[in-house]
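Peer 1: Fold the following for me, if possible:
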Amino acid sequence: MQQRSLGGTPVSALGLGGMPMSIEGRPDEDRSLRTIHAALDAGVTLIDTADAYHRDADDVGHNELLIAKALAHYGGDSSGVLVATKGGHLRPGDGSWTLNGRPEYLKEAAKASLKRLGGDAIGLYQFHRPDPEVPYEDSVGALKELLDEGVIRLAGISNATVHQIRKANEILGGSLASVQNQFSPAFRSSEDELRYCGENGIAFLPWSPLGGIQKAGGLGEQFTPFQEVADAHGVSPQQVCLAWELALAPTVLPIPGASRPESIQDSARAVELELTDDEIALLSSTD
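Peer 2: Numbers count the residues shown, from 1 in each chain. Coordinates of the predicted model:
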């Protein structure tokens, strides 16, 4: 699979989002493990997770543990896999989400994530979402301390504005590795952030790149140009969507979620799909 750079680390141009395997409606563990292994077989070397990817109050870190198990039981070489996890966004277990961007909490959360994932350091740790009760500088400062302590190798942020990207990169001494924002045909309000990352060599990881767990299957019906381009190439509209996102900037690394081997296998083929300039322009103008 083609590769791109994330903080100077070569990774596959397309990653795997682990969230669907751990929240409400999640599959059984066997299918989840087969899904992760299918991603690795397809050449995926970037796996996205978070301590908040769980369903019940008592299984915090469910997805991190699942990924660690999948990597440990994989029959091939997984030494080049970069696992990206996040902290600062919590799920009490009732379906709601809460925030905690306090520096002391983020440092504790990162160390707990490291324990679940194993190894001597987290490959990429991202501040999950800004906490309005905590100065942004303080939250990102915790990432700097984690870097300095060797708990994490790379630092990133999520759900950030251009101003916050600039601020975070300044605090991290120019070493901000990634920005993970929502972006898809249905959600384009992060175009400025995507463009800024492309201009400054920062990896941009679109979350829900196909429009979300419930809507990904109907992408071609909701956005007909994607279906038209898919028909012209004899591929799925989901592949077209991911190929379009990859074409927007050399720093874009989509992380489609999957809970079935077939889904990630289809998504992985998007890396080889070449769209024409006219097709990219058409898809970019679709709303």
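
Peer 1: Look at Gln180 and give its secondary structure.
Peer 2: Local secondary structure at Gln180 is given as strand here, using DSSP: H, G, I helix; E, B strand; the rest coil.

Peer 1: show me the contacts for it.
Peer 2: With contacts defined as C-beta atoms under 8 Å, 6 or more residues apart in numbering, Gln180 is in contact with 48, 84, 86, 126, 156-159, 204-207, 255. C-beta here means a position set from N, CA and C on the backbone, and glycine is covered the same way.

Peer 1: can you tell me which of the residues you listed are in helices?
Peer 2: Counted as lying in helices by DSSP state H, out of these, is not a single one.

Peer 1: Which member of the residues you listed is positioned nearest Val11?
Peer 2: Minimum distance to Val11 across the contacts of Gln180 is 9.1 Å, recorded for Ala84 (C-beta to C-beta).

Peer 1: got the contact list for the closest one?
Peer 2: Taking C-beta under 8 Å, 6+ apart as the contact definition, Ala84 lies against 15, 46-49, 123-126, 156, 178, 180, 205.

Peer 1: Identify the bridge partners of it.
Peer 2: Asp48, Leu124 (DSSP bridges).

Peer 1: thinking again about what came up before, output the contacts of Ala84 as JSON lines; include the columns distance to Met1.
Peer 2: Listed next are these as JSON lines, based on distance: C-beta to C-beta, whole Å:
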{"residue": "Gly15", "distance to Met1": "10"}
{"residue": "Leu46", "distance to Met1": "10"}
{"residue": "Ile47", "distance to Met1": "13"}
{"residue": "Asp48", "distance to Met1": "16"}
{"residue": "Thr49", "distance to Met1": "20"}
{"residue": "Gly123", "distance to Met1": "18"}
{"residue": "Leu124", "distance to Met1": "18"}
{"residue": "Tyr125", "distance to Met1": "24"}
{"residue": "Gln126", "distance to Met1": "22"}
{"residue": "Gly156", "distance to Met1": "21"}
{"residue": "Ser178", "distance to Met1": "19"}
{"residue": "Gln180", "distance to Met1": "20"}
{"residue": "Leu205", "distance to Met1": "16"}
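
Peer 1: Could you pull out the helices in the stretch 101-250 of the chain for me?
Peer 2: Shown for the stretch 101-250 of the chain, the helices assigned by DSSP state H, counting those that start in this stretch span residues 103-117, 136-149, 162-171, 191-200, 219-222, 224-233, 237-248.

Peer 1: which of those helices is buried the deepest?
Peer 2: For these, ranked by mean neighbour count under the definition mean count of other C-beta atoms under 10 Å, the leader is helix 237-248 at a mean of 24.
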